[in-house]
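*Asks:* kindly generate the corresponding structure for this input.
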Amino acid sequence: MNNKVFAIKKITLSSTAVSIIWEDNKKSLFHFLWLRDNCPTSFHPDTRMRIFNILSVSKDIYPMKIKKEYNRLIIHWSENNHISKYDLKWLRNHCYTNKNSQSTVSKKIFWKNNLKSKLSLISFNYEKIIKYEKNFIQWLELLTSYGVTIIKQSPTTTNSGFKILKKIGTYRETFFGTPFEVANIPKPNNQAYTSDALSNHTDLPYYEYVPGYQFLHCLKNNAKGGNSTIVDGFSVANYLKKNEKEIFNILTNTEVKFKDNDYTQKSLRIFYSPIIKLNLQKNFDEIRINLGAMATLDIKSNKMKRFYEAYRFFYSLLHNKKYLVEFRLKKGDLLCFDNRRILHGRASFNPHSGNRHLQGYYIEREEIYSKLNYLKKILI
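*Replies:* Below you'll find the predicted structure:
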């Protein structure tokens, strides 16, 4: 990077902040309390956690003296005879003036059924991901931008999916166990454990904090039928946001009841949430939708009719060929997707024609984002 980025042209003080004009003419404003709070001495040298107590100084603290010295900014504070020494590169990289002037547009790539012809774009070789950091980073980047990838030629021994999860971080445990077995079983406690078709859905919407990413590892798949489907819930929601504003507002502002009816459990999980959830920046945060886990709704009577119309419209789009990608999981395929964005489903299969056995794992979004931050040395 150009050295001008980290070189200071001019320093001025106001009553509350230090203003810096850099040699590339960019401007930064650093408020006094922010600077004191982020003095290098504010952090423990080993734990790297902040040890400075903001209440140990007054709200009126100010620089008595400030100067530039080589690649550092030195401030003599008005309280406690304290001197702070800031690395100029660190200051510029943590400039919140520039950061907050940048667009907050999401880096996620929305997709429709055209992804089916580009499955090679989101497909990766297992051994390369395991062995080479470059391939590992590329996989994580596409997983977070597209929300879905397929790892090919992975081992098909029982529990072998753990290796790639542990390369990322800590996996998420649920009452289904880890891994959970996706196979046709007698007296099933979940619709996934039948040979029936599964409508497109997100998993475990009755949890307050829904598991972030899901990995489905195909160990066997020689039964007739059972093709997998995926849909980008954010892409469909984005269509509503642009073209069906009333429906979009209903689905983002109406809390619906989700319920777990698992007969093997000695607990009853119930949670209320909008089907489409936005974050504070009004970007998409999650989709919660699961036909089997929808409880008997108790929305206000004057809103019920409009909600069902909106819900039905959204659900129809989530199964529309315009958005749907259908494919067959092969032995050794590991389907990885954002469970709070990507809906998944399957066609019915004939359990007497062969075996279809998948193992499933969950891992949180923050585990994947944190690993990417670490590998790419992202400044937080």
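
*Asks:* for the rest of this, base every contact and every neighbour count on C-alpha atoms.
*Replies:* OK.

*Asks:* on contacts alone, who are the packing partners of the helix or strand of the chain with the lowest mean pLDDT?
*Replies:* Taking all helices and strands of the chain together, the one with the lowest average confidence (mean pLDDT, DSSP states H and E) is helix 96-101, at a mean of 79. The helices and strands touching helix 96-101, judged by 3 or more C-alpha pairs under 8 Å, 6 or more residues apart in numbering; DSSP states H and E, are strand 27-31.

*Asks:* returning to that earlier point: and the helix or strand immediately after the least confident helix or strand of the chain in the chain, which strands flank it?
*Replies:* Using DSSP states H and E, the helix or strand that follows helix 96-101 in sequence is strand 123-125. With DSSP bridges as the criterion, the sheet partners recorded for strand 123-125 are strand 148-152 (parallel).

*Asks:* CA atoms only: put the least confident helix or strand of the chain into PDB for me.
*Replies:* What follows is helix 96-101, C-alpha atoms only, in PDB (Å, rounded to 0.1, in the frame of the first residue of the first chain):
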ATOM      1  CA  TYR A  96     -14.000   4.700  11.900                       C
ATOM      2  CA  THR A  97     -14.600   7.900   9.900                       C
ATOM      3  CA  ASN A  98     -13.700   6.200   6.600                       C
ATOM      4  CA  LYS A  99     -15.200   2.900   7.600                       C
ATOM      5  CA  ASN A 100     -18.700   4.400   8.300                       C
ATOM      6  CA  SER A 101     -18.600   6.400   5.000                       C
END
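
*Asks:* how does the chain divide into domains?
*Replies:* Under automatic domain parsing, the residue ranges defining each domain of the chain are 3-101, 113-375.

*Asks:* a markdown table for these, including distance to residue 107 and mean neighbour count?
*Replies:* Below are those laid out as a markdown table (distance: least, C-alpha to C-alpha, whole Å; neighbours: other C-alpha atoms under 10 Å):
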| stretch | distance to residue 107 | mean neighbour count |
| --- | --- | --- |
| domain 3-101 | 15 | 15 |
| domain 113-375 | 6 | 17 |
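
*Asks:* for the stretch 201-350 of the chain, which spans come out with low pLDDT?
*Replies:* Nowhere does the stretch 201-350 of the chain drop to pLDDT under 70.

*Asks:* that one: strands as residue ranges?
*Replies:* Counting by DSSP state E, counting those that start in this stretch, the segments of the stretch 201-350 of the chain that form strands are 213-221, 224-225, 228-232, 256-259, 270-273, 276-278, 284-287, 325-327, 334-338, 342-346, 349-350.

*Asks:* out of the ones you listed, which comes closest to residue 185?
*Replies:* In this view, those are compared for proximity to residue 185 by C-alpha to C-alpha, and strand 349-350 is the closest at 12.9 Å.

*Asks:* so which elements touch the closest one?
*Replies:* Of the remaining helices and strands, those touching strand 349-350 by 3+ C-alpha pairs under 8 Å, 6+ apart are strand 224-225.

*Asks:* partners of the strand it packs on in the sheet?
*Replies:* For strand 224-225, using DSSP bridges, the partner strands are strand 349-350 (antiparallel).
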